[in-house]
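Enquirer: any chance you could fold what I've pasted below:
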Amino acid sequence: MVALRETRLLPLDDLLVVTREFIHPKASRSALDHCLRRYGVSNLKALIPQEADAAKRPVKSFKDDEPGVVHVDVKSLPQMPDEDRRRYLFAAIDRATRWVYVEILDDKSAASASGFLERLIAKAPFARAIASSTPNIPFR
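Expert: Sure thing, here's the model as predicted:
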C-alpha cells in the first residue's frame, strides 16, 4: 500500500478500492489512513514533486507595482424592485496604493467604459503618470 501511494500517488479513496480488490476485501478507510500516517505517506501533496522553477520564482505582491497600475473590473448589480433594468458597478483599484475609484452606470457599453476610463484618469492622484506613459489610443 505504501509503495502504491509513493509510486502512483493515489488518493486515499482510490487506494482503498485497490486495497479492497487485491489485498484485503474488508480493509477499512480509517485503517488504511492509519497505515499511511504510520509510514509518513499520508500527505499526498508532500509526495508530489514540485517544479524547480516554482521554488525559485519570487511571489510578487501588490506593493511591488508602481502607483498607476490599475485593475479595472465591471460587475452586474442585482436589479432592485423599484428599477426597470440592471445597473453595473465599474471599479478601478490601484495595485500599489489600493486607491479606489467606483461608478455605477446604467449600461456596460463601450461608450460607458470609455467615459469611466476618462473620468478615472481625471480623478486619479497619479493621472499625470498614466497619461504620460500611455499612447493616445481612442476609446470610442
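Enquirer: mind checking the longest helix of the protein?
Expert: helix 110-123 (DSSP state H).
Enquirer: what are the buried residues along it?
Expert: Using 16 or more other C-beta atoms under 10 Å as the test for burial, helix 110-123 gives 112-113, 115-117, 120-121. (Glycine included, C-beta is placed from N, CA and C.)
Enquirer: all strands of the chain, in order?
Expert: Assigned by DSSP state E, the strands in the chain fall at 70-76, 88-94, 100-105.
Enquirer: quick one: which of those is nearest Gly40?
Expert: strand 70-76 (42.7 Å; C-beta to C-beta).
Enquirer: dump the closest one to CSV, restricted to CA.
Expert: Taking Å, rounded to 0.1, in the frame of the first residue of the first chain, the C-alpha atoms of strand 70-76 are listed here in CSV:
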residue,chain,number,x,y,z
VAL,A,70,-4.8,50.0,-12.1
HIS,A,71,-7.0,46.9,-12.1
VAL,A,72,-10.4,47.6,-13.6
ASP,A,73,-13.5,45.4,-13.1
VAL,A,74,-17.1,45.6,-14.2
LYS,A,75,-19.8,43.7,-12.1
SER,A,76,-23.5,43.4,-12.7
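Enquirer: now do the domain split for this structure, please.
Expert: Taking automatic domain parsing as the reference, the chain has its domains at 2-53, 62-133.
Enquirer: select, out of the strands of the chain, the one closest to Ser28.
Expert: So among these, strand 70-76 is nearest, using C-beta to C-beta, at 47.8 Å.
Enquirer: adjacent strands (with direction) for that closest one?
Expert: strand 88-94 (antiparallel) (DSSP bridges).
Enquirer: next, the buried residues of the partner strand.
Expert: 88, 90-94.
Enquirer: with stretch 94-111 instead?
Expert: So, applying 16+ other C-beta under 10 Å, buried residues of stretch 94-111: 94-97, 99, 101, 105, 108.
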